[in-house]
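Engineer: coordinates only, no sequence provided:
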């Protein structure tokens, strides 16, 4: 696999923007580390836990460094606009593009959902406490909330791209105003439903910035990057320090207002700052990645990006009984010097566990990558795997389009239902909903390939 990845890196087309792939790789590392560092495990009569933010107030500003989900949507918008344009130039349509684009999202997610569901059933049959199993499943499923918004904005990419070409940066600005309206409703104790659209509109705004970057409206130049980064940071400080928003950019226990549930104007300020920084570092990142070794490392990370994201909290679920139930790790007060020191073996164990999980489950993500490489197609939206001419893209028929839209709706509904269930109960009713959607998308993808 190392040789294959190096060969892939060496054959990357010269026109590829490698900085985009670097941003995605760095973001996934920060997400994983942030989640792992924030977990506080307690074990007495029962297993429990919390976030370190509940015990250590000084850690809340650190979430400005580790909350990098906006970067995923920024990069997603850039890559989505690029790959959609490429697909259309080869004769394809939006439905066919969506099926190709989401294959590496849905395939590893389906493997994750089926494996986790099977493990939960087995644990219950073996007599495990239902509350403990529910907590473990909830913790492992935390990454799935991201896919609810991401799959939706990917499906809407043709619409968002058309809006950009008609109104430019006014589109994310309007989305931000709608988010601010939802925030005002919450701050004034208005109906919670008024803030619900922010779950999509905030992430769509960041995704739209990625489209604007790709389309040249946000060029990677200091005259654009510096004001955007500085303005975003100033707005973030003003909105959180004296303003009504909490400092923490992730869930903060006990806070009246959360910056992620749904996303707030403060989170969009952070996204603006991160966008400016990404633009500012574009030239340096591209220059560094012309060297084979760092670029191969980025290729390797991107080849398993979804696997890393999906399974990193499962590593925590495995570590809890292995380290705490057995008594191998003590439980000093969270945030104390001893607790901080014990983060070292904690991270080491989690890293080894996640590496083992990736070794087992990465095949579900890499399989379509290998198929496209041998077929001479570019790797849609990720690392291009070859330089041979791309095959013409397929156009979806009426049945394929209907199956795609229904499948996407069921996938989003299943993931959303699981997220809304939370830690109250096992999200078992949502499993068949998600699987039905994944099956429809698979059938539509097969139909598209047959037509091609």
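Structural biologist: Looks like it arrived, so ask away. Computed from a predicted model, the values in this text were never measured in an experiment.

Engineer: any idea which helix or strand comes after the lowest-mean-pLDDT helix or strand in the chain?
Structural biologist: The weakest-scoring helix or strand in the chain, judged by mean pLDDT, DSSP states H and E, is helix 363-375 (a mean of 58). Using DSSP states H and E, the helix or strand that follows helix 363-375 in sequence is helix 398-421.

Engineer: which parts of this structure are strands?
Structural biologist: Listed in chain order, the strands of the chain (DSSP state E) span 39-43, 47-51.

Engineer: return the most buried member of these.
Structural biologist: strand 39-43 (a mean of 17; mean count of other CB atoms under 10 Å). Glycine gets a C-beta too; all of them are placed from N, C-alpha and C.

Engineer: sorry, back to before: would you turn the strands of the chain into TSV with distance to residue 88 and mean pLDDT?
Structural biologist: Shown next, in TSV, are the strands of the chain (distance: least, CB to CB, whole Å; pLDDT from 0 to 100):
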stretch	distance to residue 88	mean pLDDT
strand 39-43	44	88
strand 47-51	44	85
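
Engineer: low-confidence regions, the stretch 1-150 of the chain specifically.
Structural biologist: 1 (pLDDT under 70).

Engineer: in it, what residue spans correspond to helices?
Structural biologist: Ranges of helices within the stretch 1-150 of the chain are 2-10, 18-38, 63-66, 69-89, 94-125, 130-140, 144-155, based on DSSP state H, counting those that start in this stretch.

Engineer: how about these, which one is nearest residue 282?
Structural biologist: Distance to residue 282, taken as CB to CB, is lowest for helix 18-38 among the helices of the stretch 1-150 of the chain, at 5.1 Å.

Engineer: give me the angle between the closest one and helix 2-10.
Structural biologist: 130 degrees (axes from the mean of the first three to the mean of the last three CA atoms, to 10 degrees).

Engineer: identify each buried residue in helix 18-38, please.
Structural biologist: 18-28, 30-38 (16 or more other CB atoms under 10 Å).

Engineer: how far off centre is that helix?
Structural biologist: 10 Å (CA atoms, centre = their mean, to the nearest Å).

Engineer: which elements pack onto that helix?
Structural biologist: Under the contact criterion of 3 or more CB pairs under 8 Å, 6 or more residues apart in numbering; DSSP states H and E, helix 18-38 touches helix 63-66, helix 69-89, helix 282-288, helix 292-303, helix 305-319, helix 343-361.

Engineer: give the buried residues for the last one.
Structural biologist: When neighbours are counted by 16+ other CB under 10 Å, the buried residues of helix 343-361 are found to be 346, 349-350, 353-354, 357-358, 361.

Engineer: same deal with the longest one?
Structural biologist: Residues of helix 69-89 classed as buried: 69-84, 86-87 (neighbour count, 16+ other CB under 10 Å).

Engineer: with adjacent residues omitted, what lies nearest to the residue nearest in space to the middle of the chain?
Structural biologist: Centroid-nearest residue in the chain: residue 146, 5.1 Å away (criterion: CA atoms, centre = their mean). Distances taken as CB to CB, 6 or more residues apart in numbering place residue 69 nearest to residue 146, at 6.6 Å, with adjacent residues excluded.

Engineer: just residue 305 next, same as before
Structural biologist: Closest to residue 305 by CB to CB, 6+ apart is residue 28, at 5.5 Å.

Engineer: could you verify my assumption that that neighbour touches residue 300?
Structural biologist: No: using CB atoms under 8 Å as the test, residue 28 is too far from residue 300 to be in contact (11.9 Å).

Engineer: and stretch 157-167, what's buried?
Structural biologist: With burial defined by 16+ other CB under 10 Å, the residues of stretch 157-167 counted as buried are 157-158, 160-161, 163-164.

Engineer: ok, stretch 275-294 next?
Structural biologist: Under 16+ other CB under 10 Å, the buried positions of stretch 275-294 are 275-282, 285-286, 289.

Engineer: residues contacting the nearest residue in space to residue 213 that is not next to it in sequence?
Structural biologist: In space, and not counting its chain neighbours, residue 213 is closest to residue 78: 5.2 Å by CB to CB, 6+ apart. Going by CB atoms under 8 Å, 6 or more residues apart in numbering, residue 78 touches 17, 20, 210-211, 213-214.
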